[in-house]
Every structure is written in C-alpha cells, then in structure tokens.
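Asks: Sharing a model that was predicted from the sequence below.
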Amino acid sequence: MSAAEQSPTDTAAPRKRLRILVAKPGLDGHDRGAKVIARFLRDEGHEVIYTGIRQRPETIARTAIDEDVSVVGLSILSGAHMTLIPAVLDALKAEGGEGIKVIAGGTISAEDARKLEDLGVAAVCGIGSSLADIRAAIDKITEEAQA
Amino acid sequence: MTQRDDKDKGRWWSDTGFEIEQYYEPAGGAPESVGRPGEYPFTRHIYPTGYRKRPWGPSLYSGFGTPEDANKRFRFLLAQGNGRANIASDLPTQIGLDSDDPEAVGEVGRVGVAIDSLRDFEVMFDGVPLDKTAVSLNINTVAPVFLAMLIATARKQGVDIATINGTLANDILHEYIARGTWRYPAEPALRLTADVAEYAVANMPKFYPFNIRSILLHESGAHPGQEIGYTFAIAARYMDDLVARGIDVETFAPHMSFFFGMGLHIFEEAAKFRAARRLWASIMRERYGATSDSAMKLRLTSVAPCGSHFTAVDPDLNLVRGTLGVLAGALGGVQAMLGTTIDEAYDIPTERTQHLALRTQQIVAIESDVCATADPLGGSYFVESMTDQIEESARKEMALLEDAGGVVAAIEAGLPQGELGARAYELERDLADGRRKIVGVNVHPAKDQTSEMHLHAAEPALHRQRTEDLRELRAKRDAAAVERALAEIAEAAREETNVMEPMITAVEAYATLGEISGVLDGVFGEFRQPVGL
C-alpha cells in the first residue's frame, strides 16, 4: 500500500517518537495548514511545539536547538520560501543545529523544491500534500537517521 | 431571460414565453420570519426587486508587484466589466512595513501591490478617477493610513471625497483570529478602527468604512454558524465603540458591509446568507434600536467560492467549482462577488484566469434566470430548514465569544482560534478518511497529482528598486513637515483624539506607511499572540 492510499487513522506500526518544531517564518499569517499538521503529528504520537506566526529565522533556529527537536517543519504560503528557508538553514548551521532535519511546506514549485533539497532540506511537502504525505516524509527521515 | 417590450411595467418573461413574478409567496403570505424581499427581517433579499434592477457586482481582487503593475491590471479588469478596483497589498504593506524594511525581504510585491507612500497611490490610481470608479481597500492594521492616502489621492485628482464610492475592510479583530497581519494590541487598534469609521461616516456618505471579513473565518475552518456568529460578535464590538462615541446607530449602521466566505454546498450557502440577513436585522432592531430599513439591512459581498475549496490537482476543473460558487452567491442574494481563479492553489492570478472568473459570473447573471425573481429558493422546505438551523447555530456561536468576557478577551485567550483550528483539523481528517469527498483528490484521483502551473519567481530587483525609490523620496520631501506631522499623529494617539486629520497631513507630506506605523508603536506597543493549536 502506498503512502497516499494509507489512511492516517489506520493503526500503524509503533513509530519512533520525535520532538518536532512546527514553525511559521516571515510575515505570512495563514496558519491553518501549520496547525492541522501540528495536531496531526501530535496524534501520531510525536511531541510537537508550535511557534505561532511571523517568526524570524534566527528565532526559529534558536527555539529548535533550545527545545532539542530533531525535526523542524516550516510552513510558508506567501511565496517567500526561497528567501526564508535558506535563512533558517543558515541560522541552524550558525547555532550548531545542522543535524536538525528541515521539512518545507507551502506553495513551492517542483523547481524550487529541487533547489531546496540541494540546499539541505530533508523533504518538501508542496501544494496538495495530504496527511499521509506528511507521515511518509517523517518516516523517511526516521529511516534515514536509523540507517 | 427576456424583459419584453413592457418591462417598464415591471413584467418579466422567460425566453420561452412564461411570465416570471418579481417574487413568489404562498397564498396569505410567508411566515413573518421569512417575510417579503426588501422587508424586515430581509431574509429573502435587501431589495424588493432582488437582482432585477441591480444584479450583484463582480469584483475581482488584484494587485501585485509595483503600483504601475497594479494600475495596469485594474485598467484591464475595469475594461472587462469588473465593478471596482479591488486592491490586494503585499504582506509588508499590510503590517505597516516599508519596502526597504529588513523584515520585508522576499515579500515585496509578492501577494499584492507594495505601497510605501502617497506617491504609490497616485501611480496606482493614475487614469482611474475616484469619483467614477468604486474602490475596495482590503486593509485592516493600517486602514487609517490607506484611508488617508485615498483621500489625499482624491484631492490631487480634484475629486470631492464625498463622491468616493467604495469599501475599506477595517476589520482588525479578524486579524487576530484568522489572518495574522496584526501589529498593535487589540484595544488601541480598535481605537484606530473607530477613528476611521467616525471620519468616514461624517465626511464620506458613499463610503463603507467596514467590510467585515467573515471569509477569513471560513478559510480557517469555520462552519456557517461560526462564520456568522463570530463575525457578528466582532461587528457588535465595532458598533459598541461607535455608540460609546455618541454616534447614532442610524448614522453608522448604513455604512456597515460584510465579506463572507462560501463553500460548494450551494443550498446550505444560500441558506447561510438568508440566515445572516435575518439575524443581522434582528440584532440591529432589538439590540441597537435601529428603526430605518437602511440600518437593518445586511450588505453582503461574498467570494465565489473560497479558495480553500479549489484543488491543486486538475486546476481547470476549478472553473466548474467556481460556477457552483457564483450560483450559491446569486441564490443567496449577495450584493457583490469576488471571483476565485482556477490557479488559486498556486499563485496570484494571471489576466487569463481572472478573465475566466469574471466571465463565469457574467454568464450566470446574464444567460441564466437567477436574476429574474428575488430569492428563488424561498419557501423550499430544505432551504428554510437550513436557514433556521444556521441562524440558531450563529446565535449560539456569537454568545460563545460575547460570554467569554467579550470578543477581545476571547481572542486574547485564544478561544476562537482554537475552535477554528480544531475544526480545520477535523475537516482534514474527514478528507483523509474519505468521509469528505473531493473529485480528483480522494475520489477519481487524478493520475498526475502535480500540475506545472506557473509560479511567480522572486524578484530581488523589485526590492532594490523600491529601496532606491524610498531613498529618493526621503531626500526630496520636506523633512521638517514630515517630522511635525508624525509628532501630531503620536499626540492624537496619546490624547485619544481622532488620528485621521493628522494622518492625512502626514500622508500629504509624503510620510511613509512604515514611518507612520512606527510612530504608533511608540504609543500602542505590540500585540502578543496567544500560541496554541
């Protein structure tokens, strides 16, 4: 069964419990999606911290390190992802958090997704991503970390 | 739909020769709660003639890049029969940041037009005379600055501000619940809201200084009862503030207008608009003591439908969803409709996708018979029952916020935010589990789940150009006049006198949006968001 066919409410195999920061960088205030994902990840058994909207990249990096998370999920719908996501990656590196995996979500074109992955983003969940896609992205990160 | 030769007598016929009445009702009349179109409680329509004399106005929302780009798009849309210049601003503008602000990097001109000073308004409205073109300013946090810029632009065009027809969103409270471009704490921000309304009501008889944004609540997950209930709780707070300033309900109530969301359940949506009109009329009469029809009529704009009901997969099919949306708005009797474009999931619209959305509205209005009779669904067992249920739910939701110590206390405690967050999650789970069905997504899934829609690329040149323009503006203007005007704004804010006159003076001296907003930071401080899910 592919990730897309699997219902998120299926009882899945026990998962590794992660600490995840869901963050909204920049000026975009549309956080319906970020909050849905935060609730979903919490239901999946992860520990989830949500930053609220309009956070500076440096603040997000600092919070990620202070909270000792292994994953940061960034949601940007305004189209400013090519400015803000590299800024978060740089801030994580500068603060010694380069081991923290970053997942990007939002109105991100396939071309931008490739560029972001080249810059070190672990997964991009773009337009139209389902809850199952989010689960698959987290699973992929967990597997890679264990491999 | 044909109006034959004796339309002067008010008689209409279908193309096939059947006569159509202005409205229909059972022998002996409809129950009081339903009434007649144009009569209290206005369930059926705010005009007795429905759309016969005045169909809804198409009002597409646009604006991107520079004021020059926005001006070009307005002119294109107006030439195509769009009813108004409906302005989208970029995020820095909405928050009160100039284009050269470090926080604005990556956002300048992206989701709307970048506005820094009066010069940008002058360019944006070049060749768009403000006494002949209706305008919609979709702005909340910096609503007083935008109103000041509109007034100053009109003066430069030689237009009497009393002739300006348009709306200003000026709905600060929904920013804290749903939209997020807030700046100041709610209470001082509410003073600015009331300043704008007080000034406009006194000086601009054809202008609506409120266009309250139910749509953003819908987009955040609100069901119809929450959409109406939260909206009216918010509107009641604005009106209470005006009453406290000694402004008579009959003076301000005709200047209230609303901007509702919409889904694709067309009968439920039509019932929602009917329920909203009835509840509003009753609030205005019972709670505020309104006596004139004008003070009790709910003036409705809707979207057609909300962008969240459009899909990223198979985007061409969104045209069909758009048609359903227009039909729902028409059956619900709204006064104006924004069009959602098929590329909604991806980006701000192109001229082509806006053309499709605009023509969709025109086809429904002109080629179908929805405009022939007022409230064509009135008396339907289904729709009347939905109307009753939604009204009851809306009363409950309004009370939920008002009983939590008032709408501001409820927002500061994160109550409506949490309710809508929970509902948005429930909707997403329902989609994942197949209880909610969307064609192309979880029913008849499209083979190719990604579409290569064009996305606007970032334009760093725009940021540089505007930074340069601002440097030039600051060098050229009378710096002492700007300083003086900014000090007067701060004083008005501290003294709690209306900020509009000093705002207009500052704008006319080419003080920037960021400078004016910054001066108010010093008096008001910053909103602290309650962070929850």
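Replies: Thanks, I have the structure now.

Asks: measure whichever residue of the stretch 51-200 of chain B sits closest to chain A to A:Asp28 for me?
Replies: Closest residue of the stretch 51-200 of chain B to chain A, Cβ to the nearest Cβ: B:Gly180 (1.7 Å). Yep, even glycine has a C-beta here, placed from its N, CA and C like the rest. Look at B:Gly180 and A:Asp28: by Cβ to Cβ, to the nearest Å, they are 7 Å apart.

Asks: Can you give me the buried ones in whatever helix or strand B:Glu391 lives in?
Replies: Using DSSP states H and E, B:Glu391 maps to helix B:381-402. For helix B:381-402, a neighbour-count test (16 or more other Cβ atoms under 10 Å in any protein chain shown) marks B:383-384, B:386-388, B:390-391, B:393-395, B:397-398, B:400-402 as buried.

Asks: Let me know the next secondary structure element after it.
Replies: Where DSSP H and E defines the elements, the next helix or strand beyond helix B:381-402 is helix B:407-412.

Asks: Return the alpha-carbon coordinates of whatever helix or strand comes next after that next one using CSV.
Replies: Using DSSP H and E, the helix or strand that follows helix B:407-412 towards the C-terminus is helix B:415-432. Provided in CSV are the C-alpha atoms of helix B:415-432 (Å, rounded to 0.1, in the frame of the first residue of the first chain):
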residue,chain,number,x,y,z
LEU,B,415,-10.8,30.8,22.2
PRO,B,416,-12.0,31.3,18.6
GLN,B,417,-8.5,30.5,17.2
GLY,B,418,-8.6,27.1,19.0
GLU,B,419,-12.2,26.4,17.9
LEU,B,420,-11.4,27.0,14.3
GLY,B,421,-8.1,25.1,14.5
ALA,B,422,-9.9,22.1,15.8
ARG,B,423,-12.5,22.2,13.0
ALA,B,424,-9.8,22.7,10.3
TYR,B,425,-8.1,19.5,11.6
GLU,B,426,-11.4,17.6,11.7
LEU,B,427,-12.1,18.6,8.0
GLU,B,428,-8.6,17.4,7.0
ARG,B,429,-9.1,14.1,8.9
ASP,B,430,-12.5,13.7,7.2
LEU,B,431,-10.8,14.1,3.8
ALA,B,432,-8.1,11.6,4.7
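
Asks: For the residue nearest to B:Val531 when sequence neighbours are not counted, grab the count of nearby residues.
Replies: Of all residues not flanking B:Val531 in the chain, A:Gly52 sits nearest, at 3.9 Å (Cβ to Cβ, 6 or more residues apart in numbering or on different chains). A:Gly52: 18 surrounding residues under other Cβ atoms under 10 Å in any protein chain shown.

Asks: Which pLDDT value goes with A:Gly52?
Replies: On pLDDT, A:Gly52 comes in at 96.

Asks: which residues does it contact?
Replies: Neighbouring residues of A:Gly52 by Cβ atoms under 8 Å, 6 or more residues apart in numbering or on different chains: A:24, A:31, B:529, B:531.

Asks: Over to B:Val364?
Replies: B:323, B:326-327, B:330, B:370.

Asks: B:Ile342 versus that one, what's the distance?
Replies: 16 Å.

Asks: same check, this time on B:Asn211
Replies: Taking Cβ to Cβ, one finds B:Asn211 at 25 Å from B:Ile342.

Asks: do the same with B:Arg474
Replies: 42 Å.

Asks: Neighbour count: those two, which is higher?
Replies: Shown here are B:Arg474 and B:Ile342; by other Cβ under 10 Å, B:Ile342 has more neighbours (25 against 17).

Asks: Spatially nearest residue to the residue of chain A found nearest chain B (excluding sequence neighbours)?
Replies: Nearest residue of chain A to chain B: A:Gly29, at 1.7 Å (Cβ to the nearest Cβ). Ranked by Cβ to Cβ, 6+ apart and with sequence neighbours excluded, the top spatial neighbour of A:Gly29 is B:Gly180, at 1.7 Å.

Asks: Surely that neighbour touches A:Ala34?
Replies: No. With contacts counted by Cβ atoms under 8 Å, B:Gly180 stays clear of A:Ala34, the gap being 10.8 Å.

Asks: Look at the two and report which has more neighbours.
Replies: A:Ala34 (26 against 22).

Asks: give me phi/psi at that one?
Replies: phi -60, psi -40 (degrees, to the nearest 10).

Asks: Over to B:Ser302?
Replies: phi -130, psi 170.

Asks: The helix or strand of chain A with the lowest mean pLDDT near chain B anywhere?
Replies: Here the helix or strand of chain A ranked lowest by mean pLDDT, DSSP states H and E is helix A:131-146, holding a mean of 91. Yes. If you take Cβ under 8 Å from any Cβ of the partner chain as the test, helix A:131-146 does meet chain B, through A:131-132.

Asks: Just the C-alpha atoms of that helix, please, in CSV.
Replies: Taking Å, rounded to 0.1, in the frame of the first residue of the first chain, the C-alpha atoms of helix A:131-146 are listed here in CSV:
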residue,chain,number,x,y,z
LEU,A,131,-1.7,14.0,5.9
ALA,A,132,-0.4,10.6,4.5
ASP,A,133,2.3,12.5,2.6
ILE,A,134,3.4,14.3,5.8
ARG,A,135,3.6,10.9,7.6
ALA,A,136,5.7,9.5,4.8
ALA,A,137,8.1,12.4,5.0
ILE,A,138,8.6,11.9,8.7
ASP,A,139,9.0,8.1,8.2
LYS,A,140,11.6,8.7,5.6
ILE,A,141,13.6,11.0,7.9
THR,A,142,13.4,8.5,10.7
GLU,A,143,14.6,5.6,8.5
GLU,A,144,17.5,7.7,7.1
ALA,A,145,18.5,8.6,10.7
GLN,A,146,18.5,4.9,11.7
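
Asks: List the buried residues of that helix.
Replies: Residues of helix A:131-146 classed as buried: A:131-139, A:141-142 (neighbour count, 16+ other Cβ under 10 Å).

Asks: Then stretch B:85-102?
Replies: For stretch B:85-102, by 16+ other Cβ under 10 Å, it's B:85-101.

Asks: ok, now stretch B:38-55?
Replies: Buried residues in stretch B:38-55, defined by neighbour count with 16+ other Cβ under 10 Å: B:38, B:40-47, B:50-52, B:55.

Asks: Other residues contacting it?
Replies: For stretch B:38-55, contacts defined as Cβ under 8 Å, 6+ apart pick out B:12, B:22-23, B:30, B:32-37, B:274-275, B:277-278, B:280-282, B:285, B:293, B:296-299, B:330, B:333, B:335, B:365, B:370-375, B:378, B:387.

Asks: And for stretch A:140-147?
Replies: Residues outside stretch A:140-147 that contact it (Cβ under 8 Å, 6+ apart): A:15-16, A:18, A:70-71, A:101, A:103, A:122-123.
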